[in-house]
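Participant: Let's see this in three dimensions:
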Amino acid sequence: MPQAHLIGGAARRCSRRWVRGPVRALLAMVLTALVLGGAVPYVSGRAYLSYLVLGERVDASGAAVASSESRGAGGQVVQEYPQIGAVLVYATGGFAEKLRGRPGIAAVGATRTAPVVSPPRGVVGAGDFAAGRGSGDAVDGVERADEAPVVPDPGQGDGWNLAMVGAVSAWGDGAPVARVGADALRKVLVAVLDSGVDDTHPDLRAAVDPKASASCADGRPDARFGSWRPDPGVGESGHGTHVAGIVGAAGERQGAGQGAGGQGGGQGVRGVAPGVRIGAVRLLGPLGQYYAENIVCGMLWAADHGAKAVNNSYFADPWKYNCPEEPDQAAITAAVGRAVDYARAKGAVVVASAGNDGQDLGAGRTDERSPNDRVTGAARTRYLGTECIRLPGELPGVVTVTAVNRDGRPSGYSNFGRGHVSLAAPGGDPDGGPRGAIVSDWPGGQYAALAGTSMAAAHVTGAVAVVAAGHPEYGAERLEGVLAEAASGGCSGGPYGCGDRRYFGAGLVVLPR
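Facilitator: As a prediction, this is how the structure comes out:
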C-alpha cells in the first residue's frame with residue numbers, strides 16, 4: 001500500500017487515515033517553498049543549504065573542530081551538538097567540497113536539496129539543550145491543526161488495541177499498568193518526537209511536561225512555552241497528538257468492567273501508559289519536513305532530559321532511504337546514528353516505526369519519491385540495495401515496530417524484513433473505520449481514527465514506560481530485553497503465533513505480567 005503523504009509530496013509519517021481528508025493545497029505549499037527557496041536568486045542573490053558537519057571526535061572537542069573548520073570554509077554555524085561532536089551549518093555552494101577531508105572532520109553532508117534565502121533567524125533562548133521551561137514569549141494555543149479524519153468522542157471505545165497488548169484488564173488489579181500505579185508512571189518521562197503535541201487536549205493536559213518539551217523544527221532546541229504544539233499551517237500536524245494519545249492519554253473512565261475489550265465507559269481515550277509524563281518535541285518544520293538536524297536536536301533534547309523512551313513515528317527527509325555511497329546521505333546517517341547512540345547510552349529506548357510502504361527491508365527496493373523536499377520536477381526512480389537504510393528505524397539499536405490489524409494479521413501496508421524489525425504492535429486497518437483503526441486524540445479536543453506503523457510504535461513506547469515504572473533501575477538494553485522476552489513468550493497464543501519473524505520480529509508486544 002502507498003504511504004500517506006503531506007502537502008507537496010513530503011514524506012508522510014507512518015500512518016494512514018481510514019477516511020481520506022480533503023486534497024491538500026499543493027499550490028500553497030509550492031508557492032511557500034518558492035518564496036523560501038526556489039526564488040532565491042530574485043530575493044537575495046544567495047542560496048543557502050543546511051549541512052551537518054561531524055568532527056572525528058564524538059564529543060565537545062569534535063564539535064569545536066567542526067565549528068572552527070566550518071567557519072573557515074565560509075559557513076555560518078547556527079547550532080552546536082557537543083554531545084555528538086557535530087554542528088549545523090548554513091552555507092552557499094561548494095561548502096561541503098571545501099571541508100571534506102580536512103583534519104579532524106569525519107563527514108559533511110547537505111541535509112536538504114531545496115535552498116533557502118538565509119539561515120534561520122535568531123530566537124531568544126534557542127540552542128540551549130539544558131533549558132527547561134522557556135522564558136520567552138508564549139506561543140498561541142491550537143484550535144484546529146489540520147483537516148482530520150475526525151470521529152466522535154469514543155467514550156473509551158472498545159479498546160481492542162490495548163487489550164491486544166495486555167494494557168487493560170477491566171481496568172482492574174490484573175492489568176500491569178494498574179499494578180505499577182500512577183505515581184510510579186508519573187516518574188517516567190517518554191519523549192514523542194513528531195509534528196507537535198496539543199497539550200490543551202483534555203486527555204493530554206496532565207501528561208505533557210512543559211519543562212521537558214520543546215521545538216526542534218529548525219535543528220535548534222526552542223523551549224519557549226508552547227513551542228512544542230503543532231503548527232496549524234502545516235499539513236498532518238495533528239499526527240503527533242494522535243501518537244502521544246496512544247502512549248499516555250488519560251481520558252476519564254467510569255464503570256470499570258463495562259464495554260468490550262475490558263474498558264469501561266467515560267470520555268476520551270486512554271493510552272498504554274496513562275499517567276506517564278510526555279516530553280513533546282516538535283520536529284516537523286514549516287515546509288513539512290523532518291530534516292536530519294531536527295531529529296538530532298530532538299534526540300539529544302530527549303536524552304538530556306531523562307527520557308526512558310523516545311518515540312519516532314516518521315522517517316528522515318529528504319531521502320526516503322539513505323545510501324552510504326552518497327556523501328551527503330552518509331553524513332546524515334552518521335549524525336542520526338550518533339544521536340541514537342547518545343540517547344541509548346543515557347538510558348533511553350529508541351523506538352521507531354517500520355514504515356508503511358509494504359516493502360521488505362531485507363531485500364532490494366525502489367524509491368520513487370526522493371528527494372521529497374524538491375519544489376519542481378518529478379523524483380527519479382532509485383533502485384536500492386539493502387545498504388540503503390531508512391532513518392532512524394534501520395539504525396543499530398533502534399526498536400523498529402511493524403503493524404498488525406485487529407485480527408492479529410500483519411497489516412498489508414507495513415514494511416517488514418527478517419533481522420530488520422524488532423516487534424509488532426497494533427497499527428490497525430486504514431479501511432476498517434473506527435473499530436478497525438486506532439482511535440486517539442487530535443488537536444482542538446478532537447479524536448481521529450488512523451492506522452499505520454506510527455500507531456504501532458506508540459504502543460511499544462507506552463509499554464517501555466510501564467516496564468520502566470516498575471523497574472526504574474533498568475537501562476535501555478534491559479528494557480528492550482524484557483519486552484522482547486515477553487513478546488516471544490506470548491506468541492503461541494496469538495491467531496498467527498507470531499511465526500513469521502519477517503513481520504513480527506521477536507513477537508507481538510505485550511506488557512509483562
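Participant: contacting residues for the closest residue to Pro120 other than its chain neighbours?
Facilitator: Leaving aside its chain neighbours, Pro120 sits nearest to Asp218 (4.5 Å; criterion: C-beta to C-beta, 6 or more residues apart in numbering). Bear in mind the C-beta positions are built from the backbone N, C-alpha and C, glycine included. By C-beta atoms under 8 Å, 6 or more residues apart in numbering, the residues touching Asp218 are 120, 285, 293-294.
Participant: what's the closest of those to Leu193?
Facilitator: Asn294 (8.5 Å; C-beta to C-beta).
Participant: helix/strand/coil for the closest one?
Facilitator: Recorded secondary structure, Asn294: helix (DSSP: H, G, I helix; E, B strand; the rest coil).
Participant: Tell me the confidence at the closest residue to it other than its chain neighbours?
Facilitator: Once flanking residues are discounted, Asn294 sits nearest to Leu283: 4.3 Å by C-beta to C-beta, 6+ apart. pLDDT, Leu283: 98.
Participant: Share the number of residues neighbouring Leu283, please.
Facilitator: By other C-beta atoms under 10 Å, the residues close to Leu283 number 29.
Participant: Touching, it and Ser195? I think so.
Facilitator: Yes - judged on C-beta atoms under 8 Å, Leu283 makes contact with Ser195 at a distance of 7.2 Å.
Participant: Can I have the buried ones of the contacts of Asp218 as a PyMOL selection?
Facilitator: Here the buried members of the contacts of Asp218 are turned into a PyMOL selection, burial being counted by 16 or more other C-beta atoms under 10 Å:
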select buried, resi 120+285+293+294
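Participant: Show me the beta-bridge partners of the most centrally placed residue in the chain.
Facilitator: In the chain, the centroid-proximal residue (C-alpha atoms, centre = their mean) is Asn312; its distance is 2.5 Å. Counting by DSSP bridges, Asn312 is bridged to Leu193, Ala352.
Participant: I'd say it and Gly393 touch.
Facilitator: Yes - contact criterion C-beta under 8 Å: Asn312 and Gly393 qualify, at 7.4 Å.
Participant: intersection of neighbour lists for those two?
Facilitator: 352-353.
Participant: any idea which helix or strand carries Met299?
Facilitator: Using DSSP states H and E, the element containing Met299 is helix 292-304.
Participant: can you give me how far that helix is from the chain middle?
Facilitator: Put simply, helix 292-304 sits 11 Å off its chain's centre (C-alpha atoms, centre = their mean, to the nearest Å).
Participant: Then stretch 316-336?
Facilitator: 17 Å.
Participant: what residue ranges in the stretch 51-200 of the chain score low on pLDDT?
Facilitator: Confidence mapping of the stretch 51-200 of the chain against pLDDT under 70 gives the ranges 132-149, 155-157, 169-175.
Participant: Which parts of it are strands?
Facilitator: 76-81, 86-91, 105-110, 150-151, 189-194 (DSSP state E, counting those that start in this stretch).
Participant: want to try TSV for those strands, with distance to Val272 and mean neighbour count as columns?
Facilitator: Below are those laid out as TSV (distance: least, C-beta to C-beta, whole Å; neighbours: other C-beta atoms under 10 Å):
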stretch	distance to Val272	mean neighbour count
strand 76-81	31	21
strand 86-91	33	28
strand 105-110	36	22
strand 150-151	20	17
strand 189-194	10	30
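Participant: Mind putting the ones you listed into CSV with distance to Thr402?
Facilitator: Listed next are the strands of the stretch 51-200 of the chain as CSV, based on distance: least, C-beta to C-beta, whole Å:
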stretch, distance to Thr402
strand 76-81, 31
strand 86-91, 31
strand 105-110, 29
strand 150-151, 25
strand 189-194, 19
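Participant: right, so of these, which gets closest to Asp367?
Facilitator: Comparing the strands of the stretch 51-200 of the chain against Asp367 with C-beta to C-beta, the closest turns out to be strand 105-110 (17.6 Å).
Participant: Now do the helix holding Met299 against strand 86-91, angle only.
Facilitator: 150 degrees (axes from the mean of the first three to the mean of the last three C-alpha atoms, to 10 degrees).
Participant: average pLDDT across helix 292-304?
Facilitator: 98.
Participant: What of stretch 437-454?
Facilitator: Here the average pLDDT along stretch 437-454 is 96.
Participant: Endpoints of it, how far apart?
Facilitator: 12 Å (C-alpha to C-alpha, to the nearest Å).
Participant: Kindly report the same for stretch 422-431.
Facilitator: Separation of the first and last residues of stretch 422-431 by C-alpha to C-alpha is 26 Å.
Participant: any idea how far that stretch is from the chain center?
Facilitator: 16 Å.
Participant: what's the answer for stretch 158-171, then?
Facilitator: 24 Å.
Participant: C-alpha coordinates for it, CSV please?
Facilitator: Taking Å, rounded to 0.1, in the frame of the first residue of the first chain, the C-alpha atoms of stretch 158-171 are listed here in CSV:
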residue,chain,number,x,y,z
ASP,A,158,-13.8,-0.9,22.9
GLY,A,159,-10.0,-0.8,23.5
TRP,A,160,-9.1,-3.7,21.1
ASN,A,161,-5.6,-2.4,20.7
LEU,A,162,-5.0,-2.0,24.4
ALA,A,163,-6.5,-5.4,25.1
MET,A,164,-4.2,-6.9,22.5
VAL,A,165,-1.1,-5.7,24.3
GLY,A,166,-2.4,-6.5,27.7
ALA,A,167,-2.7,-2.9,28.9
VAL,A,168,-6.3,-3.4,30.1
SER,A,169,-8.0,-6.0,32.2
ALA,A,170,-11.3,-4.4,33.1
TRP,A,171,-9.1,-1.6,34.4
